[in-house]
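Participant: okay, here's the prediction I keep looking at, along with the sequence it came from:
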2 protein chains.
Amino acid sequence: MKLNTELENMILHFGEMGSRWGFNRTVGQMLALLVFSDEPLSADDIAASLSISRGNVSMALKELHSWRLIRTHREPGDRKDYFLANGTIWELSQQVLEERKKREVDPTLSMLRSQLMASEQDAMPHHARQQMQEIHDLLELFNHWFDDMQHMKPEHLQALMRLGSGVGKVLEMTDRLRPKTKKKAIGND
Amino acid sequence: MKLNTELENMILHFGEMGSRWGFNRTVGQMLALLVFSDEPLSADDIAASLSISRGNVSMALKELHSWRLIRTHREPGDRKDYFLANGTIWELSQQVLEERKKREVDPTLSMLRSQLMASEQDAMPHHARQQMQEIHDLLELFNHWFDDMQHMKPEHLQALMRLGSGVGKVLEMTDRLRPKTKKKAIGND
DNA sequence: CTAAACTTTCAGAAAATACTGAAACTTCAA
DNA sequence: TTGAAGTTTCAGTATTTTCTGAAAGTTTAG
């Protein structure tokens, strides 16, 4: 795979950003390379394109697999593994967010949960306990919301995002229509 | 500030998570300490509580300021600076997300933007260009949505999150009611 | 102005993280 | 069963990031 300068810049950029996105430079570069390539690449292709060691490529492939961002393709009659991005940009983004939630939110949530459980009767200062509860509740809210969003159809989710804060307006309206009742009450046109 | 074991564990946890959240261990620990403390703390208090050097505390305070996560309080007749968390848990979270967006999304968006601008007539492979466009559009959508959300009243935003994917249902309904018209059309009960 | 009280800076040390390349391992065609 | 083709592992090295502590800087009471 021969890279033109623009493409190479973009790949280097993804490498730089990698660490901010939760993985390392090599993983970032390889993800970019595979996303921008229109055909699956072998580990040797990748090592050559990015001028990195074969071992490093192997590690990074493992990491990318563990994030479910790539998949392996095998040609019949060829022993080599070929790798490609595991879905559309939208799907890859979802995957990254999902994985980052697991690493950045879930551990703290479970720590807070057990702490708030265990310490019913102990000597935690009042304000600290209260703050922990707030963080806990916020993370829990976020988690449920995030789960819900992930299960929406992409086109609905996209429409919703495009609507932006407009959604607030719409909901206020419907709220005024049905101050405490079930959705069905809306459909009476 | 004397810390009981539970609190100390939580602070250590925030330190560990720090790097995943976009800052370093010391910054994470200090943020936790100030969030859980019910009174402002001096730099020396912090250094002592966390057993870290005074210089490190100074660096981390600068970082926390730059994220707008803390503010400085001065007692009249006391030369020391005292530091405290800059708002509620909700406000702090918003601040963290805002800052992370700046660091994790904006640079890539502007890189993509200039790349897609500049390369109208150049030799970028078609598939690569297309993928860049997709990433660009997704990040732009995300950015607008995020901005919009940040300008919503917290209680509205929270209500919206609690609604989760239920919002999709509600919107489908209203859509059926007013297939292309202005909001006012809803109010006709 | 002076100097005590306090804060920041920054060069070098320490710690954490990432990368290389050679050896070990696996797979499969013959 | 063998060995060529391919992949993974991991000890050692390189790089990056973070932390320390002493020196430089700042502020203010007297």
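Facilitator: Arrived safely.

Participant: give me the residues contacting stretch A:127-147.
Facilitator: A:97, A:101, A:105-106, A:108-109, A:112-113, A:115-116, A:119, B:7, B:10, B:35-38, B:88-90, B:93, B:158, B:161-162, B:164 (CB atoms under 8 Å, 6 or more residues apart in numbering or on different chains). From N, CA and C alone the C-beta is placed, and that goes for glycine too.

Participant: next, count neighbours for the closest residue to A:P125 other than its chain neighbours.
Facilitator: Spatially, and ignoring its direct neighbours in sequence, A:P125 is nearest to B:D38 (6.6 Å; CB to CB, 6 or more residues apart in numbering or on different chains). Neighbourhood size, B:D38 [other CB atoms under 10 Å in any protein chain shown]: 12.

Participant: where does B:D38 land in three-state SS?
Facilitator: Per DSSP: H, G, I helix; E, B strand; the rest coil, the secondary structure class of B:D38 is coil.

Participant: contacting residues around it?
Facilitator: A:P125, A:H126, A:H127, A:A128 are the contacts of B:D38 under CB under 8 Å, 6+ apart.

Participant: please apply the same query to A:A118.
Facilitator: Residues in contact with A:A118 (CB under 8 Å, 6+ apart) are B:E6.

Participant: on that earlier part again, how near is the residue nearest to A:P125 to B:R74?
Facilitator: Between B:D38 and B:R74 the computed distance is 18 Å (CB to CB, to the nearest Å).

Participant: just the buried residues of the contacts of B:D38.
Facilitator: A:A128 (16 or more other CB atoms under 10 Å in any protein chain shown).

Participant: and the contacts of B:D38, which two are the farthest apart?
Facilitator: Spatial extent of these (CB to CB) is set by the pair A:H126 and A:A128 at 7.3 Å.

Participant: count of residues packed around A:G22?
Facilitator: So A:G22, with other CB under 10 Å, has 17 neighbours.

Participant: what is the burial count for the closest residue to A:K80 other than its chain neighbours?
Facilitator: Of all residues not flanking A:K80 in the chain, A:S42 sits nearest, at 4.7 Å (CB to CB, 6+ apart). By the other CB under 10 Å criterion, the neighbourhood of A:S42 contains 17 residues.

Participant: A:L92 contacts A:R68, correct?
Facilitator: No: A:L92 lies out of contact with A:R68 (CB atoms under 8 Å); the separation is 9.1 Å.

Participant: tell me, what's touching those two both at once?
Facilitator: Among the neighbours of A:L92, those also in contact with A:R68 (CB under 8 Å, 6+ apart) are A:N86.

Participant: among these two, which residue is more densely surrounded?
Facilitator: Per other CB under 10 Å, whichever of A:L92 and A:R68 has more neighbours is A:L92, with 23 against 15.

Participant: in the one helix or strand A:R162 maps to, what counts as buried?
Facilitator: Assessed by DSSP states H and E, A:R162 sits inside helix A:154-163. Neighbour-count burial for helix A:154-163 flags A:H156, A:L157, A:Q158, A:L160, A:M161, A:L163 (criterion: 16+ other CB under 10 Å).

Participant: please name every helix or strand in contact with that helix.
Facilitator: With contacts taken as 3 or more CB pairs under 8 Å, 6 or more residues apart in numbering or on different chains; DSSP states H and E, helix A:154-163 sits against helix B:126-151, helix B:166-177.

Participant: in chain A, what residue lies closest to DNA strand D?
Facilitator: Relative to DNA strand D, the nearest point of chain A is A:G55 (2.9 Å; CB to the nearest atom of the strand).

Participant: how about the residues of chain A near DNA strand C?
Facilitator: Those residues of chain A that sit near DNA strand C, judged by CB under 7 Å from any atom of the strand, are A:19, A:23-26, A:51-56, A:59-60, A:77, A:79.

Participant: report the two of these separated the most.
Facilitator: Farthest apart among the residues of chain A next to DNA strand C - using CB to CB - are A:S19 and A:G77, which lie 39.6 Å from each other.

Participant: most neighbours of all the residues of chain A next to DNA strand C, which one?
Facilitator: If you count neighbours using other CB under 10 Å, the busiest of these is A:A60, which has 25 neighbours.
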